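Chemist: Here you go, sequence then predicted model.
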Amino acid sequence: MGRRRRRAVVLAALVACLVVGAFLPAAGLAHARFAGLGTTADGTLRLEFTADIESRFLWVDALDDRGRALAVRAVPDERDARAVLVRGAPRAEVAQVRWRVLSRDGHAEGGAVRVDDGARVAGEAGGTRDQNGPLPLLARLLALLGPILAGGLCLVWAGVLAPAVAGGGLVPPGAARDGEAFASRTAPQRARAGARGRRVVQVVLGGWALGLVLVPPAVLWTLGAGVGELGDLLLGTRAGLAWWAQVAGLAVAAAALLPGWRRGAPAGPSPVAAGAAVAGAGLALCALSWGGHASGGNDAAANIAIDALHNLATGAWVGGLLALVALWPAVLAVADPADRVRLGAAVVVRFSTLAVLAVAALVVTGIYRALAELGSAADLLDTGYGLALLVKLGLFGVLLALGALNRFVLHPRLERAALGLDDSERGAGALLARSVRAELVLAAAVVVAVAVMIGLPPPS
């Protein structure tokens, strides 16, 4: 398969994932926070929330002024997906109402309110647990990291590392390209990189699968529900549908990667297999966007598409950094120092183009999403979501600084050495390798901050 066809396969996979994210239906808001207590025309109590809620896992009870339980029944308001009707007891007898609901994005919310003045009752959580507890946070982190790393790894392998080797590296203008001889000289290193890639892929896919296995129990844990209600969660809620889409994405990625990276196979998957894996990872990331905060507001479809693009760009950059850290050293372990510089420069030139596009997409989509989630600048300091966003932005700023150093300082130095313009610049490769490792550590911290943000309600 030619270079242009490989690029077309990868680009088509990315576009397909974005289209899927843009056109999936978006019916709910994130986090069903309590918005108010009202009464219908016939005197029925009505709990109002800031988001659409599921009819499953809906629990409400009522207490009289002596703290005794009253016989009530909670039903969704057919005219408003963000409201619950409390039937069975006259309003005059009810002194306090407690509830537990599941929002359409899979977040559990609970609490209690006094009926006489509509004020919240401190300390009443309606049986829900911390959504950023160890189990939910670990599940979200693994489910988020899996498609990010798998997609970026394949994208960089098929679009950066393999073409750089096949092209014979970066050579001075006018010099003959000995692609076949170069490929023959680097065959042992490519085989070593393929073996390392196989191990990395197995770890990434295993972590992704573990995260998806943990997600449903984590949601049930936050709800205070039992294992017997797993079927209701996976088959009767929007969060369950999003989970199945992520499972499908994992299945596509695993089916594409594991045979192509099996022991004894050529070094790495084919471009078609890599493109299929990127599509599977993209499907999972789009499902995360569809089932998260991006589905809120009147422009839900646009927010989902933009958030999906943000996730895909994150995968291209962060997963690409993992590919460089895990596979590049094995590819560069060639005996001839000149070959090492030529190959390193070719990889850097190709990855720089991908990184610039990914960072540009991250900046534009990140600003849009931040404006959509925050009601005002004060929310950055006054809310947990805003503080987590500040941490993410600070880490991202350092990442941008390192990326700028690589792009505008180390990249030109390595390129000059490969072109034979300045042999003294050969040491730039070692500096670049250390900088990329630092970027990967910071990028992992950014993903952790994102996993925390997913469990927090946005201010707006």
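Modeler: Received the coordinates, thanks. Numbers count the residues shown, from 1 in each chain.
Chemist: Could you tell me the model confidence score at residue 254?
Modeler: In the predicted model, residue 254 carries a pLDDT score of 93.
Chemist: Spell out which residues sit in contact with residue 38, please.
Modeler: Contacts for residue 38 (CB atoms under 8 Å, 6 or more residues apart in numbering) come out as 45-46, 48. Quick note: C-beta positions are derived from backbone N, CA and C, even for glycine.
Chemist: Just the buried positions in the one helix or strand it maps to, please.
Modeler: Using DSSP states H and E, residue 38 falls within strand 34-39. Judged by neighbour count using 16 or more other CB atoms under 10 Å, the buried positions of strand 34-39 are 34, 37.
Chemist: Just the CA trace of it, in CSV.
Modeler: The C-alpha atoms that make up strand 34-39 are tabulated as CSV, following Å, rounded to 0.1, in the frame of the first residue of the first chain:
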residue,chain,number,x,y,z
PHE,A,34,-31.4,19.5,42.4
ALA,A,35,-33.0,22.6,41.0
GLY,A,36,-36.1,23.2,43.1
LEU,A,37,-39.2,21.8,44.7
GLY,A,38,-42.6,22.6,43.3
THR,A,39,-46.3,21.5,43.3
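Chemist: what does the average pLDDT come to for that strand?
Modeler: 84.
Chemist: Please identify the pairing partners of it and their relative orientation?
Modeler: strand 45-49 (antiparallel) (DSSP bridges).
Chemist: from the middle of its chain, how far away would the partner strand be?
Modeler: 33 Å (CA atoms, centre = their mean, to the nearest Å).
Chemist: what residues does stretch 218-227 touch?
Modeler: Contacts for stretch 218-227 (CB under 8 Å, 6+ apart): 57, 100, 102, 106-108, 127-131, 133, 135-136, 138-140, 217, 229-230, 233, 239.
Chemist: contacting residues around stretch 152-159?
Modeler: 6-7, 9-10, 197, 200-201, 204, 257, 268-269, 271, 274-275, 277-278, 281, 315-324, 326-327, 350-351, 354.
Chemist: In helices, which of these appear?
Modeler: 6-7, 9-10, 197, 200-201, 204, 257, 271, 274-275, 277-278, 281, 320-324, 326-327, 350-351, 354 (DSSP state H).
Chemist: Let's check: the centremost residue of the protein is which one?
Modeler: residue 144 (4.1 Å; CA atoms, centre = their mean).
Chemist: Confirm for me that that one is in contact with residue 452.
Modeler: No: the criterion here is CB atoms under 8 Å, and residue 144 misses it with residue 452 at 11.0 Å.
Chemist: Buried ones among the ones in helices among the contacts of stretch 152-159?
Modeler: 6, 9-10, 197, 200-201, 204, 257, 271, 274-275, 277-278, 281, 320-324, 326-327, 350-351, 354.
Chemist: Show me where the stretch 101-250 of the chain has its helices.
Modeler: 134-156, 162-166, 179-185, 187-223, 230-236, 238-260 (DSSP state H, counting those that start in this stretch).
Chemist: Let me see the ranges of the strands in the stretch 1-150 of the chain.
Modeler: 34-39, 45-49, 59-63, 69-70, 73-76, 83-87, 96-102, 108-114 (DSSP state E, counting those that start in this stretch).
Chemist: Next, count neighbours for residue 51.
Modeler: Per other CB atoms under 10 Å, the neighbour tally for residue 51 reads 22.
Chemist: now it: how far from residue 203?
Modeler: Distance, residue 51 to residue 203, using CB to CB, to the nearest Å: 36 Å.
Chemist: Then residue 61?
Modeler: Distance from residue 61 to residue 203, by CB to CB: 46 Å.
Chemist: neighbour-wise, which of those two wins?
Modeler: Between residue 61 and residue 203, counted using other CB under 10 Å, the more crowded position is residue 61 (17 against 12).
Chemist: Could you measure from that one over to residue 94?
Modeler: In this view, residue 61 and residue 94 are 10 Å apart by CB to CB.
Chemist: Need the residues touching each of these two.
Modeler: With CB under 8 Å, 6+ apart as the test, residue 61 and residue 94 both reach 70, 72.
Chemist: where in the stretch 1-150 of the chain is pLDDT low?
Modeler: 1-32, 122-127, 132 (pLDDT under 70).
Chemist: okay, now residue 121: neighbour count?
Modeler: Residue 121, neighbours per other CB under 10 Å, totals 14.
Chemist: ok, it touching residue 113?
Modeler: Yes: Residue 121 lies in contact with residue 113 (CB under 8 Å); the separation is 6.3 Å.
Chemist: per-residue pLDDT, residue 234?
Modeler: Turning to residue 234, the model gives it a pLDDT of 91.
Chemist: wait, isn't it in contact with residue 213?
Modeler: No: counting by CB under 8 Å, residue 234 stays clear of residue 213, with 11.9 Å between them.
Chemist: which one of these two has more residues nearby?
Modeler: Higher neighbour count among residue 234 and residue 213: residue 234, with 17 against 14, using other CB under 10 Å.
Chemist: dump the residue contacts of that one.
Modeler: 216, 240, 243-244.
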